[in-house]
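A.B. asks: pasted the sequence and its predicted model underneath.
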Amino acid sequence: RVGGRVPAYASACGKALLAGLEPEQVDDLYDERLARRTDRTIHDLSTLHLELNRIRSRRGLAFETGESAVGMACVGAAIRGPEGPIASISLCGPTRAGLLERTAPLVAAAARDVSRALYPELSVPRRGTRTARVPAESWSAHAMERLLATQSGEWI
């Protein structure tokens, strides 16, 4: 449903964003028990932390199969800024064998491209650096300025 709401722990987009947070920040957001949307929804905090670690090991690529809606699957990746993830991109569709695996590289590439377009200074990987912490507010002034910048009179 366009414009619908789903808990972050039950969607690929949300899990991609949560994976960019420190575990203590995730603990502050949720109780030990999480509300289920389907019988496949993650419903406890320890399982959520295991899933977020898997997402981090996949360099931010998140999957969801029937966790927010029965028969639907989704793959998502975070758009990153200097302070950490600022938004996410996902591709959703009916659950089919192999669909997520085939589309995952496209979603990951799209998130990287948007991140690089918004923050070209972050394109150069540095050895030994960690992902920056996400600030308490959703958008930093710098992120909002970059997001609303125009190029040749067109919104980017």
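C.D. replies: Arrived safely, thanks for sending.
A.B. asks: helix, strand, or coil at Ser88?
C.D. replies: Per DSSP: H, G, I helix; E, B strand; the rest coil, the secondary structure class of Ser88 is strand.
A.B. asks: and the longest helix anywhere in the chain, what does it pack against?
C.D. replies: The residue-count maximum for a helix in the chain (DSSP state H) belongs to helix 99-118. Counting contacts by 3 or more CB pairs under 8 Å, 6 or more residues apart in numbering; DSSP states H and E, helix 99-118 packs against strand 62-65, strand 72-81, strand 84-94, helix 141-148. Where you see a C-beta, it was placed from the backbone N, CA and C, and this is true even at glycine.
A.B. asks: for those, which one sits closest to Ile42?
C.D. replies: Checking the helices and strands packed on helix 99-118 against Ile42 by CB to CB gives strand 62-65 as the closest, at 9.4 Å.
A.B. asks: any idea of the mean pLDDT for that closest one?
C.D. replies: For strand 62-65, the mean pLDDT works out to 94.
A.B. asks: centre of the chain to it, how far?
C.D. replies: 10 Å (CA atoms, centre = their mean, to the nearest Å).
A.B. asks: other residues contacting that strand?
C.D. replies: Under the contact criterion CB atoms under 8 Å, 6 or more residues apart in numbering, strand 62-65 has outside partners 10-13, 15-16, 19, 40, 55, 73-77, 88, 95, 100, 104.
A.B. asks: buried subset of those?
C.D. replies: 10-13, 15-16, 19, 55, 73-77, 88, 100, 104 (16 or more other CB atoms under 10 Å).
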